[in-house]
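**Student:** next comes the sequence, and after it the predicted model I'd like to discuss.
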Amino acid sequence: MRPCLFAIALLAIALAATPAVAQASKQGSLFSAIVCADTAFGTAWAGLRPAAQARFPTLKLTRVEDLHVTVVYVGPRWQPDELDRLRPLALIGPETPTRFTSEIVALGANHEVVVVELHAPTPAWGEVVVAAKAELNRLGLKQPDRYDAHFRPHLTLAQAAHRPASTADTAELAAFLTWMQAELARDPQQFSITLGPATPVRFLLAGTPRPTDAPEYVTVEEFLNPTPLY
């Protein structure tokens with residue numbers, strides 16, 4: 001093939017791929033989650049967040065409405081007609097009522113997020129989630145990632161303002177971590193979370209276009225059936 005024709009062919013391939021990428025981005029990344037705004041901790045965070053915002057103004061603090069525990073991350077390459085196949089394997093909570101103990105820790109490759117990590121008395125739920133992720137990968141319904149082999153349920157509270165985190169971000173996150181650990185020690189009950197078979201597990205989307213000051217995440221139902229503006 002002549003060089004110019006080869007270049008044209010490559011350009012055609014690239015242009016043909018563009019709509020699919022744009023559509024995936026517009027749809028957002030799909031994940032199943034337990035929304036925790038209405039839990040005891042959601043109420044506690046609603047009281048703590050204004051003080052945290054004043055003390056740590058450069059951090060990105062999670063809105064109360066966005067508090068959640070991610071169960072299964074599916075990724076951006078999902079299709080609406082796959083939801084019925086995804087639900088049995090992705091929308092899974094603990095099979096028995098379970099009270100989790102909480103720990104404030106830093107996560108991420110560079111400790112760029114501070115979270116409430118939830119510890120269960122038994123590993124049963126985690127084992128079910130890991131097995132479900134393996135099956136979703138086998139079926140080609142999920143984007144494989146490095147977290148598939150384990151499950152660490154947590155609620156993200158704060159993130160660094162920059163990626164990668166700057167020196168100032170790191171110092172601010174460390175101070176926030178210490179502050180939140182003191183809050184937990186002062187009143188562990190306010191961080192208590194109980195989950196069980198009756199706990200709703202929903203599909204949420206991250207990265208979809210959102211109005212200013214709106215919650216960061218939207219349910220799949222809201223995305224696929226948006227409320228008319230009139």
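**Tutor:** Sure, I can see it.
**Student:** for the helix or strand where Leu173 lies, packing partners?
**Tutor:** In this assignment (DSSP states H and E), Leu173 forms part of helix 167-186. Using 3 or more Cβ pairs under 8 Å, 6 or more residues apart in numbering; DSSP states H and E, the elements in contact with helix 167-186 are helix 40-55, strand 98-107, strand 113-119, strand 154-159. Where you see a C-beta, it was placed from the backbone N, CA and C, and this is true even at glycine.
**Student:** among the ones you listed, which comes closest to Gly75?
**Tutor:** strand 154-159 (18.1 Å; Cβ to Cβ).
**Student:** now the closest one against strand 98-107, angle please.
**Tutor:** With axes from the mean of the first three to the mean of the last three Cα atoms, to 10 degrees defining the directions, strand 154-159 sits at 30 degrees from strand 98-107.
**Student:** what are the pairing partners of strand 154-159, and which direction each?
**Tutor:** Counting by DSSP bridges, the strands paired with strand 154-159 are strand 60-61 (antiparallel), strand 113-119 (antiparallel).
**Student:** could I get the CA-only coordinates of that strand as PDB?
**Tutor:** Provided in PDB are the C-alpha atoms of strand 154-159 (Å, rounded to 0.1, in the frame of the first residue of the first chain):
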ATOM      1  CA  HIS A 154     -14.700   1.800  52.300                       C
ATOM      2  CA  LEU A 155     -16.200   5.300  52.000                       C
ATOM      3  CA  THR A 156     -14.000   8.000  50.600                       C
ATOM      4  CA  LEU A 157     -14.000  11.200  52.600                       C
ATOM      5  CA  ALA A 158     -11.300  13.300  51.100                       C
ATOM      6  CA  GLN A 159      -9.000  13.400  48.000                       C
END
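**Student:** what residues of it count as buried?
**Tutor:** Of the residues in strand 154-159, His154, Leu155, Thr156, Leu157, Ala158, Gln159 count as buried by neighbour count, 16 or more other Cβ atoms under 10 Å.
**Student:** who's in contact with it?
**Tutor:** Strand 154-159 is contacted by residues 36, 41, 45, 52, 56, 59-62, 67-69, 104-105, 107, 112-118, 173, 176, 180 when judged by Cβ atoms under 8 Å, 6 or more residues apart in numbering.
**Student:** which among these end up buried?
**Tutor:** Among those, those classed as buried by 16+ other Cβ under 10 Å are 36, 41, 45, 52, 56, 59-62, 67-69, 104-105, 112-118, 173, 176, 180.
**Student:** number of residues surrounding Val201?
**Tutor:** Using other Cβ atoms under 10 Å, the number of residues around Val201 comes to 17.
**Student:** could the helices and strands packed on helix 167-186 go into CSV alongside mean pLDDT and distance to Ala185?
**Tutor:** Formatted as CSV, those follow (pLDDT from 0 to 100; distance: least, Cβ to Cβ, whole Å):
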stretch, mean pLDDT, distance to Ala185
helix 40-55, 95, 14
strand 98-107, 95, 9
strand 113-119, 96, 13
strand 154-159, 97, 16
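**Student:** so which of the ones you listed gets nearest Phe191?
**Tutor:** Closest approach to Phe191 among those is made by strand 98-107 (4.0 Å; Cβ to Cβ).
**Student:** circling back to that earlier point, how about the buried residues of strand 154-159 in a markdown table, adding distance to Asp145?
**Tutor:** As requested, these are exported to a markdown table (distance: Cβ to Cβ, whole Å):
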| residue | distance to Asp145 |
| --- | --- |
| His154 | 16 |
| Leu155 | 19 |
| Thr156 | 16 |
| Leu157 | 22 |
| Ala158 | 22 |
| Gln159 | 18 |
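**Student:** how about the helices and strands packed on helix 167-186, which one is nearest Ala214?
**Tutor:** Taking Cβ to Cβ, helix 40-55 is the member of those nearest to Ala214, at 16.8 Å.
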